[in-house]
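Participant: Fold the following, please.
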Amino acid sequence: MPPNPIPPAWRRWLLAALLVGATAAAYLPTLRNGFVWDDDTSLTQNPFIRSAGGLRDFWLTTRTPDY
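Facilitator: Modelled structure (predicted):
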């Protein structure tokens with residue numbers, strides 16, 4: 001059997017790069033999308049999100065509704 005021209009370390013990097021590239025290609029069309037439904041009131045105008053510790057409180061406490 002002839003030796004493989006691509007070393008194992010390079011093969012792993014190549015597979016990882018292909019996975020990242022395929023993922024980016026799949027999500028690329030979503031970058032054009034805007035906010036939908038209640039995003040304005042739930043996110044951009046929500047005082048819990050806009051405060052200094054808002055994201056921490058939103059995800060790690062029960063003070064705000066968890067989506």
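Participant: what kind of secondary structure is T62 in?
Facilitator: Three-state call for T62 (DSSP: H, G, I helix; E, B strand; the rest coil): coil.
Participant: confidence score at it?
Facilitator: According to the prediction, T62 has pLDDT 78.
Participant: just the one 3 residues further on next, same as before
Facilitator: The predicted local confidence for P65 comes out at a pLDDT of 62.
Participant: One more: A17?
Facilitator: For A17, the pLDDT comes out at 96.
Participant: What helix or strand is F58 located in?
Facilitator: Per DSSP states H and E, F58 falls inside helix 54-60.
Participant: Quick check: buried residues in that helix?
Facilitator: Neighbour-count burial for helix 54-60 flags F58 (criterion: 16 or more other C-beta atoms under 10 Å). Quick note: C-beta positions are derived from backbone N, CA and C, even for glycine.
Participant: just checking, what packs against that helix?
Facilitator: helix 47-50 (3 or more C-beta pairs under 8 Å, 6 or more residues apart in numbering; DSSP states H and E).
Participant: Buried residues, the helix it packs on. List them.
Facilitator: Neighbour-count burial for helix 47-50, counted by 16+ other C-beta under 10 Å, picks out F48.
Participant: Give me the mean pLDDT for that helix.
Facilitator: 74.
Participant: Which strands and helices lie in contact with it?
Facilitator: Counting by 3+ C-beta pairs under 8 Å, 6+ apart, the packing neighbours recorded for helix 47-50 are helix 54-60.
Participant: ok, now how distant is the nearest residue in space to S51 that is not next to it in sequence from A25?
Facilitator: Nearest residue to S51, sequence neighbours excluded (C-beta to C-beta, 6 or more residues apart in numbering): D57, at 7.5 Å. As judged by C-beta to C-beta, to the nearest Å, D57 and A25 stand 35 Å apart.
Participant: Cool, thanks, signing off.
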